[in-house]
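A.B. asks: Turn this into a model:
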Amino acid sequence: MFRKFVYLLALARERHFGRAAESCHVSQPTLSNAIRQLEEDLQVPIVERGQKFGGFTPEGLKVLESARRIVAERDNLTHELLALAQGVTGHLRLGAIPTALPVMPHVLAPFSTRFPHIRATVTSLSSREIQRGLDEFELDAAVTYLDNEPLNNVRTLPLYSERYYLLARRADLAPETIAQGAVSWEKAASLRLCLLTPDMQNRRIAEIAFRMTGRAVEPAMETNSIVTLYTIVRFGNCASIVPGQLLTFVPPLPEVVALPLVDPDLSHVVGLAYADRDPPSQLAKALAAAASDDDIAHTVAVLTAEAMTPWRLAIR
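C.D. replies: Coordinates of the predicted model:
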């Protein structure tokens, strides 16, 4: 039964019988017959069949939900037994919102030092993709927003507060605006902007801030990459709304300024999240313990303050 569940999850992931069979290293007839046997065992139709994969029946979706839980529990048991025998091992699957990617080395450093035999994969995802990945057992943990669009059924560890800046070429701003050392969201709305794409929560935060000032913004450009935001400002003709963490890994330049956005003065908590299950994922639990024991929140706060100092001085 368990292997049939594995085949079913592969079919849900690939949406194609041939590719699902290939990912499981079996023939397509083997995989198809296993799923038919599962339907006979449970006495319900699971797959909508035609000349090609047509999706899952309502009953199939319920079976799929149980299959994800059973396979995840098996994986967790395997990790627990390995941990008893030789310490925590395995493959840690991490999601991270794009604006948190600069923080990931600080999150992973103490963990990899403590557990050198664990392989980690970090994938850049939107906050909604992260919620889905945690729900469907595709992620062990994630670094994402904790308070703006709260996640469901998770345990959390706050890491830092994300603040927002107008990044612009010095020549595109009035000298008196730069001299003030900050800029209002309302004034930022009047500029030609490049913003993150609407599927990114950072973009939705910016839109809420603009609406709070009575403005609606139609960006001239969009991207899902915070690095692209920086390069477009530096080499293009747009300003941008960026998280403070972006400024921690790009150097200040004479021709570019970063001004804190005020009126409203917004911040949102970003932190570690992992599924609230009993027992919790051993890998996620180990990551949270390492982050807490090494006080990653303090490390990030100190490094951010140090990195922001040259940007503040560059405004003058």
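
A.B. asks: contacting residues around stretch 138-151?
C.D. replies: The contact list for stretch 138-151 (Cβ atoms under 8 Å, 6 or more residues apart in numbering) reads 92-97, 100, 103-104, 107, 123, 125, 127, 130-134, 156, 158-159, 162, 201, 204-205, 268-274, 281, 283-284, 287-288. Bear in mind the C-beta positions are built from the backbone N, C-alpha and C, glycine included.

A.B. asks: Take those residues and keep only those in strands.
C.D. replies: 92-96, 123, 156, 158-159, 162, 268-274 (DSSP state E).

A.B. asks: Any quick PyMOL command for the buried ones out of the residues you listed?
C.D. replies: This is the PyMOL syntax for the buried subset of the ones in strands among the contacts of stretch 138-151, where burial follows 16 or more other Cβ atoms under 10 Å:
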select buried, resi 92+93+94+95+96+156+159+162+268+270+271+272+273+274
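
A.B. asks: Please enumerate the strands of the stretch 201-316 of the chain.
C.D. replies: Per DSSP state E, counting those that start in this stretch, the stretch 201-316 of the chain carries strands over the ranges 221-223, 239-243, 256-262, 267-275.

A.B. asks: quick check: angle from the last one to strand 239-243?
C.D. replies: Meaning strand 267-275. 50 degrees (axes from the mean of the first three to the mean of the last three Cα atoms, to 10 degrees).

A.B. asks: What helices and strands are in contact with strand 267-275?
C.D. replies: Judged by 3 or more Cβ pairs under 8 Å, 6 or more residues apart in numbering; DSSP states H and E, strand 267-275 is in contact with helix 127-135, strand 141-145, strand 154-169, helix 282-293.

A.B. asks: What strands flank that strand, and is each parallel or antiparallel?
C.D. replies: Sheet pairing of strand 267-275 (DSSP bridges) gives strand 141-145 (antiparallel), strand 154-169 (antiparallel).

A.B. asks: will you turn those into CSV that also has distance to residue 309 and mean pLDDT?
C.D. replies: Output for the strands paired with strand 267-275, formatted as CSV (distance: least, Cβ to Cβ, whole Å; pLDDT from 0 to 100):
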stretch, distance to residue 309, mean pLDDT
strand 141-145, 24, 96
strand 154-169, 14, 93
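
A.B. asks: May I see the buried residues of the helix or strand where residue 187 lies?
C.D. replies: Per DSSP states H and E: residue 187 is located in helix 185-188. By neighbour count with 16+ other Cβ under 10 Å, helix 185-188 contains the buried residues 185, 187-188.

A.B. asks: ditto for stretch 99-115
C.D. replies: In stretch 99-115, counting by 16+ other Cβ under 10 Å, buried: 99-103, 106-108, 110-112, 114-115.

A.B. asks: Please identify which of those is nearest to residue 209.
C.D. replies: Using Cβ to Cβ, residue 99 comes nearest to residue 209 of these, at 14.8 Å.

A.B. asks: isn't that closest one right up against residue 245?
C.D. replies: Yes - shown here, residue 99 and residue 245 form a contact pair, counting by Cβ atoms under 8 Å, at 6.0 Å.

A.B. asks: Now the common contact residues for the two.
C.D. replies: With Cβ under 8 Å, 6+ apart as the test, residue 99 and residue 245 both reach residue 162.

A.B. asks: Kindly tell me how buried residue 130 is, as a neighbour count.
C.D. replies: For residue 130, the neighbour count with other Cβ atoms under 10 Å is 26.

A.B. asks: can you check residue 235 too?
C.D. replies: Residue 235: 8 neighbours (other Cβ under 10 Å).

A.B. asks: Can you tell me how far residue 298 is from residue 271?
C.D. replies: Noted for residue 298: a distance of 13 Å to residue 271, by Cβ to Cβ, to the nearest Å.

A.B. asks: ok, back up a step: which strands and helices sit next to the helix holding residue 187?
C.D. replies: Looks like helix 185-188 contacts helix 201-212, strand 256-262 (3+ Cβ pairs under 8 Å, 6+ apart).

A.B. asks: Just send those back as CSV, with distance to residue 44 too.
C.D. replies: Formatted as CSV, those follow (distance: least, Cβ to Cβ, whole Å):
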stretch, distance to residue 44
helix 201-212, 38
strand 256-262, 54
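
A.B. asks: Pick the most deeply packed of the ones you listed.
C.D. replies: Of all the helices and strands packed on helix 185-188, strand 256-262 has the most neighbours on average by mean count of other Cβ atoms under 10 Å, namely a mean of 21.
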